[in-house]
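Novice: prediction below, plus the sequence it came from.
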Amino acid sequence: MLEDKLRSIEITEEAVVKELGKLRDVKSAGANELTSRFLNSIKGGISYPLTLFFQRIMQDEEVPDDWREANVVPVSAPLKSSDMLALYNGTIKL
């Protein structure tokens with residue numbers, strides 16, 4: 001049942017542009033160091049290649065291996081913002 005729903009998903013360029021437009025400019029960059037402001041500014045140029053990429057993933061029914069990896073850092077106690085930044089940058093360990 002879930003597999004049938006996943007197979008019925010249609011990814012269009014318009015949908016990709018719409019989702020890119022939902023990115024909030026005030027968010028910080030992710031692990032790839034691309035800011036949402038930058039992605040919003042180039043969404044017209046990257047929407048078609050992204051559409052093809054996501055369509056191919058759906059067709060092959062397989063996601064790239066590096067999408068399954070994550071840099072998960074447990075936080076056990078409330079931290080000061082300066083400590084959180086250092087933790088994120090990997091300069092301190094808990």
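Specialist: Structure's in. What do you need? Numbering: from 1, shown residues only.
Novice: quick check: which ranges of the chain have low pLDDT?
Specialist: 1-2, 70-94 (pLDDT under 70).
Novice: residue boundaries of the helices in the chain?
Specialist: Along the chain, counting by DSSP state H, helices occupy 2-7, 13-21, 36-41, 43-60, 81-89.
Novice: quick one: list the elements packing against the first one.
Specialist: Counting contacts by 3 or more Cβ pairs under 8 Å, 6 or more residues apart in numbering; DSSP states H and E, helix 2-7 packs against no other helix or strand. Heads up, the C-betas are built off the backbone N, CA and C, glycines and all.
Novice: quick one on the thing from earlier: save the helices of the chain as CSV, and put in mean neighbour count too.
Specialist: Below are the helices of the chain laid out as CSV (neighbours: other Cβ atoms under 10 Å):
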stretch, mean neighbour count
helix 2-7, 8
helix 13-21, 14
helix 36-41, 15
helix 43-60, 14
helix 81-89, 12
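Novice: make CSV out of these and add distance to A29.
Specialist: Shown next, in CSV, are these (distance: least, Cβ to Cβ, whole Å):
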stretch, distance to A29
helix 2-7, 30
helix 13-21, 15
helix 36-41, 8
helix 43-60, 16
helix 81-89, 11
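Novice: do you know which of those helices lies nearest R68?
Specialist: Nearest to R68 among these is helix 43-60 (12.7 Å), distances taken as Cβ to Cβ.
Novice: can you list contacts of the closest one?
Specialist: Contacting residues not belonging to helix 43-60 are listed as 6-7, 9, 11-13, 16-17, 20-21, 39, 63-64 [Cβ atoms under 8 Å, 6 or more residues apart in numbering].
Novice: buried residues in stretch 22-37?
Specialist: For stretch 22-37, burial by neighbour count (16 or more other Cβ atoms under 10 Å) applies to 35-36.
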